[in-house]
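Chemist: I need the structure of the sequence given here:
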Amino acid sequence: MRLAISIILGIVLLGGAYLLSQRIADSKKIPKGKTTKSTSTVFTEYVKNTDSPIYIETNGTILAQQRIEVFSEVQGVLKLTKKPFKPGTRYSKGELMLEMDSQEFYSSLVSQRSVLYNNIVAIMPDLKFDLPDSFKQWQKYLDEYDIQGKAKDLPEPLNDREKYFVNARQIVSTYYTIKNLEERLLKYKIYAPFSGILTEALVDPGTLVRTGQKLGGFINPAIFELEANINAEYLEYLQIGKKVSIKDLKGKNEWNGFVKRINGLINPTTQTVQAFIQVSGKGLTEGMFLEATVMSKTEPNVVEINRSLLSNGNQVFVVENDSVLTARNIDVVHFSDKKAMIRGLADGESLLTKTLPGAYDGMIVKISN
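Modeler: Numbering: from 1, shown residues only. Okay, here's the model as predicted:
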């Protein structure tokens, strides 16, 4: 009996505890969160349409306008010269750059001069008796003849009889053989065709140089050219002599150039035309990568903005009534690397000048002071 009473009391106590806990839980109120309405702050500026020039921007490496590759037209051992034939060596116009040993070739030339002298001597007796007038000028030629010196021009024949007589003795052909050898002898020395600097040297003194062998490269470091690829639509505004502003990638140095040449062929793939811009000045070195800016034409009633402000390619955001963000359709007149030239906004409108993440038409905003 006592066991039954204990069980009943335990069940009653448990039931009462459960009902009490439920009442306490239902009596608690969940605090409601406060809703705050946030307004984004934007930066704007008033629109002012102006007539703005369109600048064509391009870039490329500069190359020396005057440049040659030095080749040998003769064979011989390279001799030591006053200045070392090494990259970076500067030469003035007409200064000796290279010399090859020409002693063997020179001996052959002297031998041919001797042959010519002997041939003339052999015809003198006949000239004295048959052509006395011609004998005098040939005698004078022999008196002034120098085997070690450059061959002088042969006397002009006084008549056809003398001309046929001289030609039959192989004198004229021998003379021109000598002149050919004399010209070839000059090629054993290579002189600077203009003042410049050696950029490449492929041989050293004592090297056997062969005919047709490349010896080095030589440039004039005073005048350079930049090859620019210009869009064909601006070809009508591109003229020879047009001024060009050129600067390095950091924008620290700037030079003035001008359009030197324009290619007459438009690339069918890229629809661009080659323009060669001449530039000179201190601090320029062959191979430098530079940026060039050319003014093409002026567009009326336009505004220049950052390209990042464009939305969907043909929209910008303006603020109406100092609080409502509005998407406005515009016409893009010109693109550059960082800027866009647009038309379609009225003077005095508040144009968004910094991008706003999540911006949409009708968004409530606050203009920053």
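Chemist: Leu80 belongs to a helix?
Modeler: No: looking at Leu80 with DSSP: H, G, I helix; E, B strand; the rest coil, it is coil, so not inside a helix.
Chemist: tell me, how many residues neighbour it?
Modeler: Number of residues near Leu80 (other Cβ atoms under 10 Å) recorded here: 10. C-beta coordinates here come from the backbone N, C-alpha and C atoms, glycine included.
Chemist: so it makes contact with Val203?
Modeler: No: contact between Leu80 and Val203 fails when scored by Cβ atoms under 8 Å: they sit 11.9 Å apart.
Chemist: could you list the residues in contact with stretch 107-125?
Modeler: 135, 138-139, 141-142, 145, 147-148, 151, 165-166, 169-171, 174-175, 177-178, 181-182, 185 (Cβ atoms under 8 Å, 6 or more residues apart in numbering).
Chemist: among those residues, which ones are in helices?
Modeler: 135, 138-139, 141-142, 165-166, 171, 174-175, 177-178, 181-182, 185 (DSSP state H).
Chemist: going through the contacts of stretch 107-125, which ones are buried?
Modeler: Taking 16 or more other Cβ atoms under 10 Å as the criterion, what is buried in the contacts of stretch 107-125 is Phe135, Trp138, Ala151, Phe165, Val166, Ile171, Thr174, Tyr175, Thr177, Ile178, Leu181, Leu185.
Chemist: which pLDDT does the model give the first one?
Modeler: Put plainly, it is Phe135. Looking at Phe135, its pLDDT reads 90.
Chemist: how about it: what's its closest non-neighbour residue?
Modeler: Leu127 (4.2 Å; Cβ to Cβ, 6 or more residues apart in numbering).
Chemist: let me know the secondary structure of that neighbour.
Modeler: Under three-state DSSP, Leu127 falls in the helix class.
Chemist: now do Asp361
Modeler: coil.
Chemist: pLDDT score assigned to the nearest residue to Ser280 once chain neighbours are set aside?
Modeler: In space, and not counting its chain neighbours, Ser280 is closest to Ile223: 4.9 Å by Cβ to Cβ, 6+ apart. We note a pLDDT of 94 for Ile223 in this prediction.
Chemist: got a list of what Thr177 touches?
Modeler: By Cβ under 8 Å, 6+ apart, the contact list for Thr177 reads Gln112.
Chemist: and of the ones in helices among the contacts of stretch 107-125, the nearest to Thr89?
Modeler: Leu185 (25.0 Å; Cβ to Cβ).
Chemist: the closest one against Gln103, yeah?
Modeler: No: using Cβ under 8 Å, Leu185 is not in contact with Gln103, being 10.8 Å away.
Chemist: on that earlier part again, ok, so of the buried ones among the contacts of stretch 107-125, who is nearest Pro87?
Modeler: Taking Cβ to Cβ as the measure, Pro87 lies nearest Leu185 of the buried ones among the contacts of stretch 107-125, at 28.5 Å.
Chemist: and the pLDDT at that closest one?
Modeler: Reported pLDDT for Leu185: 95.
Chemist: so what strands line up beside the longest strand that the chain contains?
Modeler: Determined from DSSP state E, the single longest strand within the chain is strand 289-306. As defined by DSSP bridges, the strand partners of strand 289-306 come to strand 50-64 (antiparallel), strand 243-248 (antiparallel), strand 339-343 (antiparallel).
Chemist: what about the ones you listed, which gets the closest to Phe43?
Modeler: Of the strands paired with strand 289-306, nearest to Phe43 by Cβ to Cβ is strand 339-343, at 17.5 Å.
Chemist: list of residues touching the following helix or strand past that closest one?
Modeler: Remark: after strand 339-343, the chain's next helix or strand is strand 350-352, criterion DSSP states H and E. Residues from elsewhere that reach strand 350-352 (Cβ under 8 Å, 6+ apart): 42-47, 303, 305, 309, 316-320, 322, 325, 345, 359, 367.
Chemist: give me the buried subset of those residues.
Modeler: Neighbour counting by 16+ other Cβ under 10 Å classes Val42, Thr44, Val47, Val303, Ile305, Leu309, Val316, Phe317, Val318, Val319, Leu325, Leu345 among these as buried.
Chemist: what bridges to the fifth one?
Modeler: This means Ile305. Bridge pairing for Ile305 - DSSP bridges - gives Ala340.
Chemist: got a list of what it touches?
Modeler: Neighbouring residues of Ile305 by Cβ under 8 Å, 6+ apart: Val316, Lys339, Ala340, Ile342, Leu351, Thr353.
Chemist: can you put those in a markdown table and add distance to Glu233 and pLDDT?
Modeler: Compiled in a markdown table, the contacts of Ile305 are given as follows (distance: Cβ to Cβ, whole Å; pLDDT from 0 to 100):
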| residue | distance to Glu233 | pLDDT |
| --- | --- | --- |
| Val316 | 24 | 90 |
| Lys339 | 18 | 85 |
| Ala340 | 17 | 88 |
| Ile342 | 18 | 91 |
| Leu351 | 27 | 89 |
| Thr353 | 29 | 86 |
